[in-house]
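K.L.:
Below: sequence and its predicted model.
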Amino acid sequence: MTNQYVPPKVWTMDEENGGQWASINRPDSGARHEQPLPVGSHPLQLYSMGTPNGQKVTIMLEELLALGVSEAEYDAYLIKIGDGDQFGSGFVDANPNSKIPALVDHSGKTPIRVFESGNILFYLAEKFGHFLPTEVASRTEVMNWLFWLQGSAPYLGGGFGHFYAYAPEKFEYPINRFAMEAKRQLDVLDKQLAKHTFIAGEEYSIADMAIWPWYGSLVLGRAYDAAEFLDVDSYQNVKRWAEMIDARAAVQRGRIINRDWGEDWEQLPERHSAEDIDAVLKLKP
């Protein structure tokens, strides 16, 4: 091999080779500027962006509202991660890890902050009593797949997606390494969905809401422009499931929230009422 990288004894940041996110990536945490978070009129306040992790939570909230759970009404504010909003003082108070999404529940005497997308799904399922079974075996299976997603998605997004779509140069080794892992994960899902209607069995759950924005979007051709490269059509059970979830009205509503990119009917930077979503979806051809 030529031009082989030799790691230094002590790593230091190379700002010249940081790729698309070089302007915001740093090896430290905490607030970088004063920026309080806005607070709307509903008890639930969401601060997020319509990435796969953000979509998990807005889909969950819209599914709850579709069931008639009025207490799940919420305000959703866009956190522009490319601009560094996640390093504002208010957001860091809500999530010291500076990652979207973050939820603040003002329904009690003391506000409760909830961060990590999987934990927000669990919190809302527990709070409102939907999309998480109470029977031990079924509940455990849902949690199996929720934790599977939380451990697997970084290989898809930070691994495959980064090196295939966002890195400043294309490098064969990491693309091959993470493409293999992405396909292995798709095969895990495909075999599970060959036996079950939904991810964790025969009932729709927070496991589906967590996994669909990542792997559903991938097989539907919406992620990284990589559908052909990964041969997603070969995972027919995942495609069947992804299309079924995609057809749900609450999913169509949830996936457009906190987005300021894409088609006009896919963009809703802030959400404060159902009417906000209705107005945007009317633009869909």
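P.N.:
Arrived safely, thanks for sending. This structure is a prediction, so every number in the text was calculated from the model and none was measured. Residues are numbered from 1 along each chain as shown.
K.L.:
hey, where'd the helices end up in the stretch 1-150 of the chain?
P.N.:
In chain order, the stretch 1-150 of the chain shows helices spanning 52-66, 89-94, 117-128, 136-154, with DSSP state H, counting those that start in this stretch as the criterion.
K.L.:
which of the residues in the second one are buried?
P.N.:
The one in question is helix 89-94. Buried positions in helix 89-94, judged by neighbour count with 16 or more other Cβ atoms under 10 Å: 90-92, 94. (Each C-beta comes from the backbone N, C-alpha and C, glycine too.)
K.L.:
Tell me which of the helices of the stretch 1-150 of the chain sits nearest to Phe198.
P.N.:
helix 136-154 (9.5 Å; Cβ to Cβ).
K.L.:
just how off-centre is the closest one within its chain?
P.N.:
Relative to its parent chain, helix 136-154 has a centroid offset of 15 Å by Cα atoms, centre = their mean, to the nearest Å.
K.L.:
What is the neighbour count of the residue lying closest to Glu202 once chain neighbours are set aside?
P.N.:
Taking Cβ to Cβ, 6 or more residues apart in numbering, and ignoring the residues beside it in sequence, Glu202 has His196 as its nearest neighbour in space, at 6.4 Å. A count of nearby residues for His196, using other Cβ atoms under 10 Å, gives 14.
K.L.:
Now the residue nearest to Arg26 when sequence neighbours are not counted: phi and psi?
P.N.:
Closest residue to Arg26 apart from its sequence neighbours, by Cβ to Cβ, 6+ apart: Met13 at 7.0 Å. For Met13, the backbone dihedrals (degrees, to the nearest 10) come out as phi -70, psi 130.
K.L.:
gap between Met13 and Pro27?
P.N.:
6 Å (Cβ to Cβ, to the nearest Å).
K.L.:
can you check Gly54 too?
P.N.:
24 Å.
K.L.:
Those two - which one has more neighbours?
P.N.:
Counting neighbours by other Cβ under 10 Å for Gly54 and for Pro27 shows that Gly54 has the greater number, 26 against 7.
K.L.:
Low-confidence bits of the stretch 1-150 of the chain, can you list those?
P.N.:
1-2, 16-22 (pLDDT under 70).
K.L.:
what residues are up against Leu283?
P.N.:
Taking Cβ atoms under 8 Å, 6 or more residues apart in numbering as the criterion, Leu283 is in contact with 263-265.
K.L.:
and it, which of the three is it?
P.N.:
For Leu283, the secondary structure call by DSSP: H, G, I helix; E, B strand; the rest coil comes out as coil.
K.L.:
max-length helix in the chain?
P.N.:
In the chain, taking DSSP state H as the definition, the longest helix is helix 172-193.
K.L.:
ok, residues contacting that one?
P.N.:
Helix 172-193 is contacted by residues 145, 148, 152, 155-156, 159-160, 163-164, 167, 199, 211, 215, 218-219, 229-232, 235-238, 240-241 when judged by Cβ under 8 Å, 6+ apart.
K.L.:
Quick check: what element follows that helix along the chain?
P.N.:
Per DSSP states H and E, the first helix or strand lying C-terminal to helix 172-193 is helix 206-211.
K.L.:
chain center to the next helix or strand after that next one: distance?
P.N.:
Helices and strands here follow DSSP H and E; after helix 206-211, the next one along the chain is helix 217-219. Centre-to-centre, helix 217-219 and its host chain are 13 Å apart (Cα atoms, centre = their mean).
K.L.:
just checking, the residue nearest to Glu202 touches Tyr204?
P.N.:
No - when contacts are counted by Cβ atoms under 8 Å, His196 is not listed as touching Tyr204 (11.2 Å).
K.L.:
ok, for the residue nearest the centre of the chain, nearest residue in space, not its chain neighbours?
P.N.:
When Cα atoms, centre = their mean is applied to the chain, the residue found nearest the centroid is Asn53 (1.3 Å). Excluding the flanking residues, the one nearest Asn53 by Cβ to Cβ, 6+ apart is Ser117, at 4.4 Å.
K.L.:
Next, the residues that contact stretch 218-225 from outside, please.
P.N.:
Where contact means Cβ under 8 Å, 6+ apart, the residues beyond stretch 218-225 that reach it are 52, 156, 160-161, 164-165, 182, 186, 214, 217, 226-227, 230, 232-233, 235, 238-239, 242-243, 246.
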